[in-house]
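> need coordinates for the below:
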Amino acid sequence: MESQEQSPAEKPREEESVDLSQWAETPSSPAPVLTYGENWPSAVWLVLPLFGILFLALHFKKSRKKGGAAGVASVLAAGSLFLSASAGWAQTDDSAGSRPVTVNEYNKLLKYTKSLAEKIKTLEASAKAGHAGAGTEETVDLSQMGSTAPAKPQSGSPHGVAVGSGPQFKMYFDLNLLSRPGVNDLTFDNFHTFLMLESSPTPEWSFAFEVNPSPRYFELSYHKSPRLEVRAGKIWIPFDDLAPHNIFGGRVNVSRLSLGEAFLPDLWTDLGVAFKYRVLDSRAFTMDAHLYTVNGFGSGGTDPINASASLQDYPSFSDKTVTADNNTNKAFGGRLALKLFQKLGLGFSFYQGRWSDEESEPYGMLMLGGDAQLRWKSTELRAGLITMNVDIPAETYLRGGSYVELGQKFGKKDQWKVLLRGGMVQPDDRAISVTDQTLVGATILYQPGFIQYSLEHSQDIQDIPGKVGKSFTNARVVIAL
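Residues are numbered from 1 along each chain as shown. Next up is the predicted model:
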């Protein structure tokens with residue numbers, strides 16, 4: 001801060017003008033004055049610069065550990081404050097005696113000091129962030145690992161993916177104590193042993209895969225822009241509101257709970273490439289378009305009408321154990337997902353492809369689906385419908401499924417949730433078999449942290465001769481990190 005002084009020969013001294021370029025303007029008004037100089041021991045003004053030098057030395061040593069230009073800048077800023085204050089305040093005017101300091105000037109100086117302190121904190125924070133990105137170990141927040149979505153972009157990132165995100169593990173394991181009379185009267189069982197690794201080494205690229213010698217899922221994602229994403233690998237199929245299992249039939253479609261062949265794979269993934277484009281993006285309305293091409297389903301299923309038919313004459317909808325395609329025709333599909341006011345979601349999906357072997361006649365399938373979600377506060381309503389037209393030698397048959405689910409959270413921090421579900425599946429409309437299901441049920445869940453506890457009961461109300469396991473009760477513990 002510079003002071004402008006008049007010579008003794010000029011008019012009597014007026015109040016000192018102050019450089020307010022970085023201070024907040026305050027209206028001047030007559031006020032009492034504080035005096036210093038001959039009223040304070042002169043030794044104070046001699047010692048003050050020494051304290052400033054000592055502060056600079058300690059701060060510089062600390063800043064060297066932090067590294068970066070921000071640390072040096074903070075030292076210089078702090079030094080300018082100490083030196084300018086001690087040099088300016090130590091001045092005395094022999095001709096004029098002690099010079100007064102107004103209360104306004106004193107308040108402004110306090111404001112400037114606080115402002116400078118905030119700037120120093122900001123610079124130090126920037127230095128820490130820069131140094132962490134330069135090779136120090138990154139702290140992983142496990143509480144944020146429950147989502148498969150890419151990390152939120154950092155400020156300035158043009159592509160919507162966090163820069164330099166280190167590897168992050170996701171774990172999902174469960175233990176079940178279930179009763180299903182006629183199938184398992186009472187047994188411990190395990191449905192999920194899932195370990196996944198995710199990493200985003202650059203703003204554009206991210207990679208995720210299941211840690212398994214034969215991974216059911218691995219995916220390389222390229223974010224060309226905030227609107228366009230390209231995925232390649234054994235990718236998730238964007239059909240319906242999968243999360244990640246489908247609930248067609250009114251229950252999570254785990255294949256081991258099926259009395260016959262699964263309606264759809266436990267994890268619907270396949271080798272191929274997918275594109276996602278954000279068509280519309282506003283607070284009130286968003287629209288995402290998905291397109292993909294994959295190997296598709298293959299042969300190997302059992303015909304419920306003709307048990308002696310060859311496995312090559314009926315498609316299989318279970319998890320694929322063979323990675324190579326059985327024909328040169330590639331399946332393709334798409335999905336249009338709309339969201340209104342962050343509450344109402346609507347989805348339309350399709351899938352088309354050949355399932356028969358290359359040396360056989362070309363037989364294919366067409367799937368169409370629609371889904372809707374309504375979410376408000378702690379309540380969620382979901383519903384979905386799927387229909388399939390499947391060609392086989394000499395004829396065509398239909399497959400279909402549906403579900404409806406009502407969820408209500410309650411309790412402290414919404415740690416409790418009640419689910420009411422219902423739905424049906426019909427794997428082949430040419431026959432009524434034990435694989436046809438019409439389920440109704442309820443689940444209560446409690447999740448105080450990374451462990452979830454639940455109790456579920458469902459009942460198959462479709463009475464078919466020979467069907468067993470219509471009642472299902474399950475006490476479950478899930479560990480998700």
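> any buried residues in stretch 455-472, and which?
Within stretch 455-472, the residues that qualify as buried are 456, 458, 460, 467, 470, 472, counting by 16 or more other C-beta atoms under 10 Å. Just so you know, the C-beta spots here come from the backbone N, C-alpha and C atoms, and that holds for glycine as well.
> from these, pick the one nearest residue 362.
residue 467 (35.3 Å; C-beta to C-beta).
> correct me, but the closest one touches residue 434?
Yes. Using C-beta atoms under 8 Å, residue 467 and residue 434 qualify as a contacting pair, with a distance of 4.4 Å.
> shared neighbours, those two?
residue 259 (C-beta atoms under 8 Å, 6 or more residues apart in numbering).
> just the helices in this structure please.
42-66, 69-89, 103-132 (DSSP state H).
> from the buried residues of stretch 455-472, which land in strands?
Among these, DSSP state E puts 456, 458, 460, 472 in strands.
> how is this structure carved up into domains?
As given by automatic domain parsing, the domain ranges for the chain are 33-132, 142-480.
> need the winner for burial among the ones you listed.
domain 142-480 (a mean of 16; mean count of other C-beta atoms under 10 Å).
> quick one: mean pLDDT over it.
Mean pLDDT, computed over domain 142-480, is 90.
> in this structure residue 220 contacts residue 207, no?
Yes. In this structure residue 220 lies within contact range of residue 207 using C-beta under 8 Å: 5.2 Å.
> sorry, back to before: just the buried residues of stretch 455-472 now: which is nearest residue 119?
Taking the buried residues of stretch 455-472 together and measuring to residue 119 by C-beta to C-beta, the closest member is residue 456, at 56.6 Å.
> residues touching the closest one, list them.
Here residue 456 is in contact with 441-443, 472-474, 476 (C-beta under 8 Å, 6+ apart).
> which strand residues bridge residue 269?
residue 236 (DSSP bridges).
> right, and it touches residue 217 too?
Yes. With contact defined as C-beta under 8 Å, residue 269 reaches residue 217; the gap is 4.9 Å.
> now for those two: what residues contact both?
Joint contacts of residue 269 and residue 217 (C-beta under 8 Å, 6+ apart) are 234-236.
> pretty sure residue 328 sits against residue 356.
No. Residue 328 is beyond contact range of residue 356, at 11.7 Å (criterion: C-beta under 8 Å).
> thinking again about what came up before, out of the contacts of residue 456, the closest to residue 409 would be?
Checking the contacts of residue 456 one by one against residue 409 (C-beta to C-beta), the nearest turns out to be residue 443, at 12.8 Å.
> beta partners of the closest one?
residue 419, residue 456.
> show the contacting residues for the spatially closest residue to residue 170 that is not a sequence neighbour.
Nearest residue to residue 170, sequence neighbours excluded (C-beta to C-beta, 6 or more residues apart in numbering): residue 196, at 4.4 Å. The contact partners of residue 196, taken as C-beta under 8 Å, 6+ apart, are 169-172, 208-211, 217.
> mind checking which of these are in strands?
Using DSSP E, the contacts of residue 196 in strands are 169-172, 208-210.
> re the thing from before, need the ones in strands among the buried residues of stretch 455-472 in TSV (columns: distance to residue 371).
Shown next, in TSV, are these (distance: C-beta to C-beta, whole Å):
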residue	distance to residue 371
456	22
458	21
460	23
472	24
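> list just the nearest of the contacts of residue 456 to residue 298.
Taking C-beta to C-beta as the measure, residue 298 lies nearest residue 472 of the contacts of residue 456, at 30.0 Å.
> and that closest one, how far from residue 316?
25 Å (C-beta to C-beta, to the nearest Å).
> returning to that earlier point: may I see the contacts of residue 456 arranged in TSV, with distance to residue 276 as well?
Listed next are these as TSV, based on distance: C-beta to C-beta, whole Å:
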residue	distance to residue 276
441	33
442	35
443	31
472	36
473	39
474	35
476	33
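> pick the one among those residues closest to residue 380.
residue 443 (13.3 Å).
> pretty sure the closest one is touching residue 419, no?
Yes. Applying C-beta under 8 Å, one finds residue 443 in contact with residue 419, separated by 4.3 Å.
> tell me where the stretch 201-350 of the chain has strands.
205-210, 218-223, 228-236, 269-281, 285-294, 298-299, 315-316, 331-340, 344-354 (DSSP state E, counting those that start in this stretch).
> the fourth one versus strand 218-223: what angle between them?
Following axes from the mean of the first three to the mean of the last three C-alpha atoms, to 10 degrees, one obtains 20 degrees for the angle between strand 269-281 and strand 218-223.
> the fifth one too?
Interaxial angle of strand 285-294 relative to strand 218-223 (the same axes, to 10 degrees): 130 degrees.
> quick one: strands adjacent to strand 285-294?
Strand pairing for strand 285-294, determined by DSSP bridges: strand 269-281 (antiparallel), strand 331-340 (antiparallel).
> could those strands go into a markdown table alongside distance to residue 115?
Below are the strands paired with strand 285-294 laid out as a markdown table (distance: least, C-beta to C-beta, whole Å):
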| stretch | distance to residue 115 |
| --- | --- |
| strand 269-281 | 38 |
| strand 331-340 | 43 |
